[in-house]
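Q: build me a model from this:
(2 chains)
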Amino acid sequence: MSKIVLKNYADWQQDDTNTTFCPKLAILREKGRQAFLSQGLPTPKTEAWKYTKLRNLSDEEFVVESDDKNSFHCHDEKCHCHDEHETGSHEHCCCHENCLPFEVYEVNFCNGKLKADHFHTTQGLSIVSLTDAFENGDVFKYLNKSFDINNFPFAALNSAYLEQGVMIAVDKNFNDDKPILLNFHSHGDIKRLSNVYNVIVAESGARATILEHYYCSGAEKSVYFNNIVNEFFIGRDAYIRHYKVQQEAFKAFHIALNSVQVKQGGHYESFCLQLGADLSRQETQVVLKEPHAEAEVNAVYKMNGWATLDTTTDIKHISKETVSHQLVKGIIGGKAKGVFQGKIHIAPDAVKTEGYQLHKALLLSDEAEVDVKPELEIFADDVKCSHGAASGELDKEQLFYLQSRGIGEDEAKTLLIKAFTDEVINKISCTAVAEWIKSL
Amino acid sequence: MAKKTQIIDESGDKYKYGFVTDINAETAPIGLNADIIRLISAKKNEPEWLLNKRLQAFEFWKTMQEPTWAKLTYDKIDYQNLHYYSAPQQKVSPKSLDEVDPKLIETYNKLGIPLKEQEMLSGVVAVDAVFDSVSVATTYRAELAKQGIIFCSISEAVKEHPELVQKYLGSVVPFTDNFFACLNSAVFTDGSFVYIPKGVKCPMELSTYFRINAKNTGQFERTLIIADEGSYVSYLEGCTAPQRDENQLHAAIVEIVVLKDAEVKYSTVQNWYPGDKNGKGGVYNFVTKRAACRGENSKVSWTQVETGSAVTWKYPSCILQGDNSSGEFYSVALTNNYQQADTGTKMIHIGKNTTSKIISKGISAGFSNQTYRGLVKVAPQAQNARNYSQCDSLLIGNKCGSHTVPYIENRNKTAILEHEATTSKISDEQLFYCRQRGISEEEAVSLIVNGFCKEVMQHLPMEFAIEAAKLINISLEGSVG
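A: Coordinates of the predicted model:
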């Protein structure tokens, strides 16, 4: 257990996080640490963080728990492995394990810690804890492979503490009968920094649905920081649906990176709903590596109070004949601030590609703010790309129309907002998840 | 601005303004330091306050870093290896046009800019001709003066109208604004000054023609336009430079102050030497242009056609302070070969009911890269602000790049902001349609490109529009097939 204050990162000495017995892991952690130290914390001058200020995230003193030292086996010959498994250290908690109205394959995290070592799985689906995956060694083929850690300070920080997370592998024998739920439950008073790193590998022709759910129980004002990295490797003709619902506590921090690689004919469908946290950033980077790879990145964010919610996307069309669609909508009230930065990059020779992006924001209060930076970076001529961005308040005529039919003002507003967001939610192809998200 | 579009000369060189005028010039020693600034100031017989302003800017500039955020790559500029002042030698300030060196008159005639006050078929245009660091002639001054309009070089304005210059110079673009503006504030040499008095509609187009001639010389011009209450002026700007293997630096500032109910239309056809087809030579064009709509119902409109320069860094902006004020930005940028352009606009909405409109058309061909970079910002007090932005890009060939980076910052819920951007190539159907009617591929492309730009071109004064359309055809040459 150690404590860090992010703004003092310069004094951050090599500490016990690197005393693992697995050399490969030690290297990854050290790389992460170095990458974080060399980038430092983003400032408003950091272009990728221009509109999102860290505010008190950098001042808070966070506890980082690490019980890794002897906790796993490693087959690397140089390792001195220990057999005893420290399991008793998990606090007892009273999480609802699955409060969703549909069946799932469950993976539970409690305050950033994986709660079990074995998971209920089925044919074609394998879920192992990252610690077991380190042992097995395969996971090193994937970790930090889909993005450059030197461009993502928080992913670098995450790697420096690499320990918690799961590796999910699916192949074409998995029938995608129910979503795989990654349930992230936070509670308690400790100001924790939880670093969770998940790797999702979809073999050729596989289909799967991943649902992430972040929520907090107990004190509404708990301060904690969830720093998440998910890496997706989508094989040929595989189809991955990835949904996320973020309902963190109001004073919490949530920074997440989804880094996705899609091979020929593969499809990545994602939807992210952000509702909570004081500062939340969802960054999605998709690399469409081979022809006919497709990505859909949709999101809705809704907030009040003082929150800052940031949705950042970067879709890289590396290969010809790739397609991407993005639709992001925000509803901003109170003194909150919405940020959308979307980028479509088309590499030279990536011809016959299509990239579409649309962002719309509704401002509900006088002090709400929205900052948008939709970006096109295009190096090939035979492409169809467009982006659009609009912001404004609720249409007065639409409100009047509803009110003139006897619907009260508040109800009319709710109705209009629901219609506004449903356009995005309806793009979710898994109906059970879509219905649940609409009910939130 | 008539007939300067004879077809390209036989040598196959497309840039027909690339000649050099052989004229005796008085040039400041190479390098930049406080003494050079004192020398420039002394050459121009400037008052003490202006010299102090220059030195203050220079001190600040030394603490600044050259910006690197633009999508531009160019060799580092050695600011100590430039002449900051170069003026054609002539008898002490010519009293009338007849006294201007005939060589200069000839140069401008060759560029198609008549410095004679004559009725042209295309209408009457008053011209201020700036050659390297000085203004050599300003036409129609007397006639304009009858209505109280002041149109002269900025050096003359400093002497003759110090109260206006002192009040407004640097009030829209302070010297602390950015690296290039700060450099300009320290070393600016000449430029145009326009003052339109209350209620006057300027009877003719005013125009400045910038020409870089001397070798290894930076041109730092400064233009200040003040439109007093209820006035109107349409202002044109044109630029060319000789064809040289070295890069030339051009860092200008244009400041426009628009008071209550006034309107200013500012049009630019920028045709600095773009470098040869291998990207050698060409002008580095770093320009800060900004208009402040200070009064109610004031209006400003920027129209630009950018076909020249090796590197363009230019963001004509509007600060919409007055209630009901409006800003417009119409731009066509065409890059070919190895040209690079990073251009766009800023619309800052501060007053109530302010509106702005951005139409930007980018065409990239060859190995060129261009970026639209724009900011629309709505302050919390800007009730009912309205913006519409449209940025379309056309790519010709698969070695060029086109990028769009709009920033939209909204702090008022009653504001309605819309932004749209598209990127595509020339559609095969359109090309096929033209070809089957017997139009050659090259002609068809230029037809389609001109159609693509039409929305912007129609905002140019007529004689400029014809000129600009031809310029686009010439710049496109060699990019097809």
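
Q: hey, let's count contacts and neighbours off CA atoms from now on
A: OK.

Q: for chain A, which segments count as helices?
A: Taking DSSP state H to define them, one finds helices in chain A at A:23-39, A:130-136, A:153-160, A:396-403, A:409-425, A:431-438.

Q: who touches residue B:297 in this structure?
A: Contacts for residue B:297 (C-alpha atoms under 8 Å, 6 or more residues apart in numbering or on different chains) come out as B:260-262, B:322-326.

Q: adding distance to residue B:274, mean pLDDT and mean neighbour count, write the helices of chain A out as a markdown table.
A: A markdown table is the format used below for the helices of chain A (distance: least, C-alpha to C-alpha, whole Å; pLDDT from 0 to 100; neighbours: other C-alpha atoms under 10 Å in any protein chain shown):
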| stretch | distance to residue B:274 | mean pLDDT | mean neighbour count |
| --- | --- | --- | --- |
| helix A:23-39 | 38 | 91 | 19 |
| helix A:130-136 | 57 | 88 | 20 |
| helix A:153-160 | 40 | 94 | 25 |
| helix A:396-403 | 51 | 94 | 14 |
| helix A:409-425 | 46 | 95 | 16 |
| helix A:431-438 | 55 | 94 | 15 |
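
Q: quick one: closest of these to residue B:41.
A: Closest to residue B:41 of those is helix A:23-39 (C-alpha to C-alpha; 45.2 Å).

Q: what angle sits between that closest one and helix A:153-160?
A: Interaxial angle of helix A:23-39 relative to helix A:153-160 (axes from the mean of the first three to the mean of the last three C-alpha atoms, to 10 degrees): 150 degrees.

Q: from the chain's centroid, how far away is helix A:23-39?
A: With C-alpha atoms, centre = their mean, to the nearest Å as the basis, helix A:23-39 stands 21 Å off its chain's centre.

Q: just list what that helix packs against, helices and strands only.
A: helix A:153-160 (3 or more C-alpha pairs under 8 Å, 6 or more residues apart in numbering or on different chains; DSSP states H and E).

Q: just the residues contacting the helix it packs on, thanks.
A: A:17, A:28-33, A:35-36, A:39-42, A:149-150, A:195-197, A:227-229, A:255, A:257.

Q: related to what we said a few turns ago, turn the helices of chain A into a markdown table, including distance to residue A:307.
A: Compiled in a markdown table, the helices of chain A are given as follows (distance: least, C-alpha to C-alpha, whole Å):
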| stretch | distance to residue A:307 |
| --- | --- |
| helix A:23-39 | 25 |
| helix A:130-136 | 32 |
| helix A:153-160 | 19 |
| helix A:396-403 | 26 |
| helix A:409-425 | 19 |
| helix A:431-438 | 21 |
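
Q: which one of these lies closest to residue A:223?
A: Closest approach to residue A:223 among the helices of chain A (C-alpha to C-alpha): helix A:153-160, 17.7 Å.

Q: export that closest one to PDB, keeping only CA atoms.
A: Only the C-alpha atoms of helix A:153-160 are listed here, as PDB (Å, rounded to 0.1, in the frame of the first residue of the first chain):
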ATOM      1  CA  PRO A 153      -0.400   9.700 -19.400                       C
ATOM      2  CA  PHE A 154      -3.100   7.900 -17.500                       C
ATOM      3  CA  ALA A 155      -2.800   4.700 -19.400                       C
ATOM      4  CA  ALA A 156       0.900   4.900 -18.500                       C
ATOM      5  CA  LEU A 157       0.100   5.400 -14.900                       C
ATOM      6  CA  ASN A 158      -2.200   2.400 -15.100                       C
ATOM      7  CA  SER A 159       0.600   0.300 -16.600                       C
ATOM      8  CA  ALA A 160       2.900   1.300 -13.800                       C
END
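
Q: lowest-pLDDT helix or strand in chain A?
A: One helix or strand of chain A scores below all others by mean pLDDT, DSSP states H and E: strand A:2-5, with a mean of 83.

Q: could I get it in PDB with only the CA atoms?
A: What follows is strand A:2-5, C-alpha atoms only, in PDB (Å, rounded to 0.1, in the frame of the first residue of the first chain):
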ATOM      1  CA  SER A   2       1.400   3.400  -0.900                       C
ATOM      2  CA  LYS A   3       0.100   6.900  -1.300                       C
ATOM      3  CA  ILE A   4       0.600   9.200  -4.200                       C
ATOM      4  CA  VAL A   5      -0.400  12.800  -5.000                       C
END
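
Q: what sits up against that strand?
A: Under C-alpha under 8 Å, 6+ apart, the answer for strand A:2-5 is A:58-66.

Q: show me the shaky parts of chain A.
A: A:1, A:13-20, A:66-98 (pLDDT under 70).

Q: 50 - rerun?
A: A:69-95 (pLDDT under 50).

Q: can you pull up the most central residue in it?
A: residue A:256 (4.0 Å; C-alpha atoms, centre = their mean).

Q: nearest residue to that one in space, please, no chain neighbours.
A: Once flanking residues are discounted, residue A:256 sits nearest to residue A:228: 4.5 Å by C-alpha to C-alpha, 6 or more residues apart in numbering or on different chains.

Q: how far away is residue A:297 from chain B?
A: 19 Å (C-alpha to the nearest C-alpha, to the nearest Å).
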